[in-house]
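# Just the structure for this:
(one chain, ligands or ions: 1)
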Amino acid sequence: MSLVQWIDFPLKGDDRGSLIAIEGAGNVPFDIKRMYYIFDTKAGVSRGFHAHKALKQVAFCVSGRCRMRLDDGVQQQDVWLDSPSRGIFIDTMVWRTMHDFSQDCVLVVLASAHYDESDYIRDYDEFLKQRAPV
Ligand code: T46
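Numbers count the residues shown, from 1 in each chain. Next up is the predicted model:
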């Protein structure tokens, strides 16, 4: 399985403008239990710096853009999230950081479970210890 897995959301556009519908277990590969969004990120701020043991997520920007770095402990890849019609799937045990938020960035995240701090690994060495050999 490749580290970067894009999901394209079909655009329901007409002459009035655009609409995108996202359905759990449809164009997102899990039942959506939670949605949150990150906005008004201050200039120069980076976020993330953790992995999840069980949580799966899909992230995309409905406005503006940011750079996301994914790291499975072996390889790292940077992607720009800059489209409301294209999201990235973030699997379990992937270290993620987000950088270079534009002023108008609204980063939406769909999650497979409710918020649970015990699912986070916030220490990079601990992440390397716990990840399965790739
Ligand atoms: C992730 C990346 C992409 C809650 O109370 N409920 C929630 O659902 C979330 C996501 C956060 N929080 C609290 C926990 C912290 O006190 O909000 C505060 C900020 O969370 P955090 O520092 O974890 O935010 P980021 O931007 O570093 O990471 C977030 C998600 O937590 C994480 O799961 O994958 O966005």
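
# Just to be sure, G48 is in a strand?
Yes - checked against DSSP: H, G, I helix; E, B strand; the rest coil, G48 lies within a strand.

# so who does it touch?
Taking CB atoms under 8 Å, 6 or more residues apart in numbering, we find G48 in contact with 68, 96-98. C-beta here means a position set from N, CA and C on the backbone, and glycine is covered the same way.

# what separates it from P84, distance-wise?
Counting by CB to CB, to the nearest Å, the gap from G48 to P84 is 21 Å.

# From the ligand, how far off is D116?
Separation of D116 from the ligand (CB to the nearest ligand atom, to the nearest Å): 9 Å.

# which one is that residue nearest to, not counting chain neighbours?
Leaving aside its sequence neighbours, D116 sits nearest to L55 (CB to CB, 6 or more residues apart in numbering; 7.8 Å).

# wouldn't the one you found be in contact with S112 here?
Yes - if you go by CB atoms under 8 Å, L55 and S112 touch, sitting 5.9 Å apart.

# circling back: could you pull up the residues touching the residue nearest to D116?
Applying CB under 8 Å, 6+ apart to L55 gives the contacts 92, 111-113, 116, 119.

# can you list contacts of stretch 81-89?
4-11, 18, 20, 28-29, 56-68, 70, 79, 107, 110.

# near the ligand too, which of those residues?
By CB under 6 Å from any ligand atom, the members of the contacts of stretch 81-89 lying near the ligand are 57, 59.
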